[in-house]
Structure formats: structure tokens, C-alpha cells
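Q: Show me the folded form of this:
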Amino acid sequence: MSTTQRHGHSDTRKRLLEATEWLFIDRGYEAMSLRHITARAGANLAAVNYHFGGKEALMQELLSQRLDRLNRERLQLLSACEQLNPTGLDATTVLGMLFVPAFRLSHGSTSGPAFMRLLGRVYSDPSPFIHGYLQEHYRSISGRFFEAFSRALPALPRHELGLRLHFALKALSGMLAGEDMQELIASISKGEAINDAELLARLISLISPILTAPFDSPEQIQLIDRILQLDNSTAVANAEPLATPHHETRGRLGDQQWIKEGRLAS
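A: Numbering: from 1, shown residues only. Now for the predicted structure:
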């Protein structure tokens, strides 16, 4: 194969991966077809089969390129922080170790400006294929972080911690997947000139209460119960009268009233 041919194959492969990334961010895995990918990449189906073998293999390659390094560096950072803090870490620190490497990589030329949106889509996409890939390839890393959160929040039962982490990360993922990162940063910074530490601290402060807020607070339950009662009484007081069934109206008007009104009988 000549140098020109090799460069051509390499360029086609790159275009297919880039097209897959943008379409996945925009539509999700299930709504993204090979026809969409090849049209955006300016390639054909034979090129996909040649370079990857199909849609699943193409997506696996993209996820591996984007997530392997990120999760490896998250794990390295976690290990370093645990060595420096042998007595344990708090929940904010553990959250920071999830955010900081991702934020740094989003500024790099390799990952590109859409990296945070890609992460948001990956962790919020409902596709069984995406879920299965994450479980298969990153189970050990997610397990390490779960144990770190468990040590940081020892009062939480493990099932409750799992529920809280699910909600926290899903909420963040949904926000990242649907937002332009620069617009999100502008919203969080409120137009102020802030550094990366301040920006990430504000972002974490939006998520951390999901992990730490009381779950069965009697005061909160009573407050919500009062709102439920008020909502019920308000709905009853402002309920509109039920519409009279058409057949009853016709009966009161008489069977021939529809002729006088110049309409069709029902």
C-alpha cells in the first residue's frame, strides 16, 4: 500500500469516528444509523466494514479512545489522594476527582471542545449497548469510586448511596449532554472572572447536596404533606364542572332538534 493510500485510509477512519461522535452527542446511540454516519463522514458502508466491521465496533472504538485515558487518570488521581489522606476523603474531594481530569482533558487538542458533552451523553444515554459497554469495561473503576464514596459517607446504607449517586450523576450527565460547555461555564461563573478551581467548586456544589441532604427528614416530610393537602384542596375548589354528555343534551333538546339547528345527528 502506498503512502498516499495509507493516509487516505487513515483520514477515512478519522472522519468516521468524528462523524460518530457528533451524531452520538446529538441523537444518541439508537437514533444514529450507519447511513447517517457515512453521509456525515463522506464515506460509504464498505469503509465502515473495512475499518471497524459495523456500528457497534465503531462505537466501541470511539468510547475506548475517549474514556480509557480519562478513567485511567481518574483512578491514578484517586490512588494519589488516598495515599495523601490515609484517614479518608470527604465526598467533595471524591467528586472533584471525577470532574478534574475530565475538565482538563476537555481543554486538550486530543479530546476537543465537545468532550464534556460526549461524557454527558455517554452516562445519560438509555441504550443497553452503551450501558453494557460501560459495565464491561469500567466496572472496576466505578467500584473503586463507589467504595471511596462509601468511606466518605459512612452513615449512608450502600443501597441508598447507590441511589443518590445514580441521581447525582444522571442529573449532571443530562445537563452536560444538552448544554454547550462555554454557555454552561458562563452561567456558572455569572459573568465573573473566576479560575478553574472556583468554577469546579461551584459545579460540585450543585451536585453534592444530592449525596448529603437528609433523606427522611420529618420536617421535610411534613412540609411536603402540607403542600399535597393544599394542592388537593385547591384542585377541588377550582375544578371545572364536568361537561354534559352529548347524548343527554340531545335528549333534552328533543330528537329532532338537530334538524332545526342545521347539523348532522350523532
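
Q: Every contact and neighbour count from this point should use C-alpha atoms.
A: Fine.

Q: tell me the domain ranges of this structure?
A: The chain breaks down into these domains under automatic domain parsing: 1-53, 65-221.

Q: okay, those domains in a markdown table with mean neighbour count and distance to Ser233 next?
A: Formatted as a markdown table, those follow (neighbours: other CA atoms under 10 Å; distance: least, CA to CA, whole Å):
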| stretch | mean neighbour count | distance to Ser233 |
| --- | --- | --- |
| domain 1-53 | 16 | 42 |
| domain 65-221 | 15 | 18 |
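
Q: quick check: mean pLDDT across the helix or strand containing Met97?
A: Assigned by DSSP states H and E, Met97 belongs to helix 91-106. Across helix 91-106, the average pLDDT comes to 91.

Q: Moving C-terminal from that helix, which element do we reach first?
A: Using DSSP H and E, the helix or strand that follows helix 91-106 in sequence is helix 115-124.

Q: how far is the helix holding Met97 from where the chain is centred?
A: When distances are taken as CA atoms, centre = their mean, to the nearest Å, helix 91-106 is centred 16 Å away from the chain's centroid.

Q: What are the contacting residues of it?
A: 70, 73-74, 77-78, 111-116, 145, 148-149, 152-153, 200, 204, 208, 211 (CA atoms under 8 Å, 6 or more residues apart in numbering).

Q: out of these, which are inside strands?
A: Here DSSP state E is the test, and those give no hits in strands at all.

Q: Select the longest helix from this protein.
A: Counting by DSSP state H, the longest helix found in the chain is helix 55-84.

Q: Could you check the angle that helix makes with helix 115-124?
A: 100 degrees (axes from the mean of the first three to the mean of the last three CA atoms, to 10 degrees).

Q: Let me know the average pLDDT across helix 55-84.
A: Throughout helix 55-84, pLDDT has a mean value of 96.
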